[in-house]
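Chemist: Got a predicted model here, sequence first, then my questions.
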Amino acid sequence: MFKPLMLIPFYNHGPAFEKMANQLNKLKLPPVLIVDDGSDGIHSKTAQTLCKKYHFFYIRNEINKGKGNAIKTGLYWAEKNNYTHALQIDADGQHDIHDIDEFLKLSQKHPSALISAQPEYDSSAPKSRLYGRKITNFWVWIETRGKLKLDAMCGFRIYPILETIPLLPKIHFDRMGFDIEILVKSFLNKIPALGIKTKIIYPKTGVSHFHVFRDNVKISCLHTYLCIYSFRKLLTKWWAHERSI
């Protein structure tokens with residue numbers, strides 16, 4: 001059985017999401033779940049109005065807990081409601097929703113795999129963000145011992161629910177580091193990872209919640225932690241092999 005759900009973390013994305021919601025409704029895609037991560041009143045009201053208009057599911061964290069926490073909340077909701085896969089897409093209009101069908105087709109062929117976007121950026125992408133991604137992707141390559149070459153920061157991906165849920169208690173970074181941590185840990189825990197090329201834009205009216213200093217410091221801490229985590233798993237595997245000889 002293949003029963004996918006669209007999972008959209010939402011935090012003060014009212015105007016951008018209004019346009020996106022209209023497009024999603026026209027494409028007749030799988031059911032949509034909005035996880036409102038403590039948005040301000042006017043944005044929260046906009047989200048609720050749009051969800052009612054387009055028959056999207058809506059749940060809310062009363063306080064802002066971070067994008068990663070919102071995705072966790074959505075994944076647990078998906079499991080409880082018997083969905084098999086969750087397609088995460090951002091609410092700010094960066095992702096090309098016309099590629100969703102390709103994601104779903106690939107996921108249906110590989111139901112146990114995490115499907116992640118391989119972004120192709122246009123001139124709207126800030127150079128600082130591109131350099132930051134290159135640095136992160138280099139460290140992810142190190143953490144996965146040169147085996148994983150996907151973009152680790154793009155929030156356009158499909159999670160297989162059965163395989164992902166057991167990992168969630170082990171995910172410690174609930175904000176911008178979530179996408180990186182869950183991708184690396186999924187791979188190191190034998191969940192296959194596949195990529196799809198897709199165009200990414202940075203709309204002029206887009207809303208970013210990335211705080212350059214704070215989030216870069218936290219991401220640096222995350223990579224230190226993931227290097228240790230990867231080394232420990234490798235050491236545990238080696239020790240088990242030695243004891244079996």
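Modeler: Happy to help now that I have it.
Chemist: how about the helices in this protein?
Modeler: In the chain, the segments counted as helices under DSSP state H are 14-27, 41-54, 67-80, 100-109, 127-143, 161-164, 178-188, 212-244.
Chemist: most tightly surrounded among these?
Modeler: Among those, ranked by average contacts under mean count of other C-beta atoms under 10 Å, first place goes to helix 178-188 (a mean of 23). Where you see a C-beta, it was placed from the backbone N, CA and C, and this is true even at glycine.
Chemist: pull the helix or strand with minimum mean pLDDT from the chain.
Modeler: In the chain, no helix or strand scores lower on mean pLDDT, DSSP states H and E than helix 212-244, which sits at a mean of 80.
Chemist: which helices and strands does it pack with?
Modeler: Counting contacts by 3 or more C-beta pairs under 8 Å, 6 or more residues apart in numbering; DSSP states H and E, helix 212-244 packs against helix 127-143, helix 178-188.
Chemist: what inclination does the first one have with respect to helix 178-188?
Modeler: When you say that, I think you mean helix 127-143. Interaxial angle, helix 127-143 versus helix 178-188 (axes from the mean of the first three to the mean of the last three C-alpha atoms, to 10 degrees): 20 degrees.
Chemist: coming back round to it: tabulate the helices of the chain (a markdown table), appending distance to Met6.
Modeler: As requested, the helices of the chain are arranged in a markdown table below (distance: least, C-beta to C-beta, whole Å):
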| stretch | distance to Met6 |
| --- | --- |
| helix 14-27 | 7 |
| helix 41-54 | 11 |
| helix 67-80 | 10 |
| helix 100-109 | 8 |
| helix 127-143 | 24 |
| helix 161-164 | 13 |
| helix 178-188 | 17 |
| helix 212-244 | 25 |
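Chemist: Which of the ones you listed sits closest to Lys199?
Modeler: Among the helices of the chain, helix 100-109 comes nearest to Lys199, with 12.1 Å by C-beta to C-beta.
Chemist: model confidence over that closest one, on average?
Modeler: What helix 100-109 shows for mean pLDDT is 96.
Chemist: and what of stretch 112-131?
Modeler: Per-residue pLDDT over stretch 112-131 has a mean of 79.
Chemist: Look up how far Leu130 lies from Ser39.
Modeler: Per C-beta to C-beta, to the nearest Å, Ser39 is found 28 Å from Leu130.
Chemist: scratch that, Leu75 is what I was asking about
Modeler: 29 Å.
Chemist: repeat for Ile142
Modeler: 19 Å.
Chemist: before we move on, the earlier item: so which of the helices of the chain gets nearest Lys197?
Modeler: Lys197 lies closest, by C-beta to C-beta, to one member of these: helix 100-109, at 9.3 Å.
Chemist: contacts for the closest one?
Modeler: Helix 100-109 has contacts (C-beta atoms under 8 Å, 6 or more residues apart in numbering) with 2, 4, 6, 27, 29-30, 85, 87, 89, 113, 115, 156-158, 160, 194, 196, 198.
Chemist: Tell me which of those fall in strands.
Modeler: Mapping the contacts of helix 100-109 onto strands (DSSP state E) picks out Pro4, Met6, His85, Leu87, Ile115, Arg157, Ile158, Pro160, Leu194, Ile196, Thr198.
Chemist: Lowest-confidence one in those?
Modeler: Thr198 (89).
Chemist: check contacts around that one.
Modeler: With contacts defined as C-beta under 8 Å, 6+ apart, Thr198 is in contact with His95, Asp96, Asp99, Glu102, Ala117, Gln118, Pro119, Glu120, Phe156.
Chemist: Ile158 too?
Modeler: Ile158 sits next to Pro4, His85, Ala86, Leu87, Gln88, Phe103, Leu104, Ser107, Leu114, Ile115, Ser116 when contact means C-beta under 8 Å, 6+ apart.
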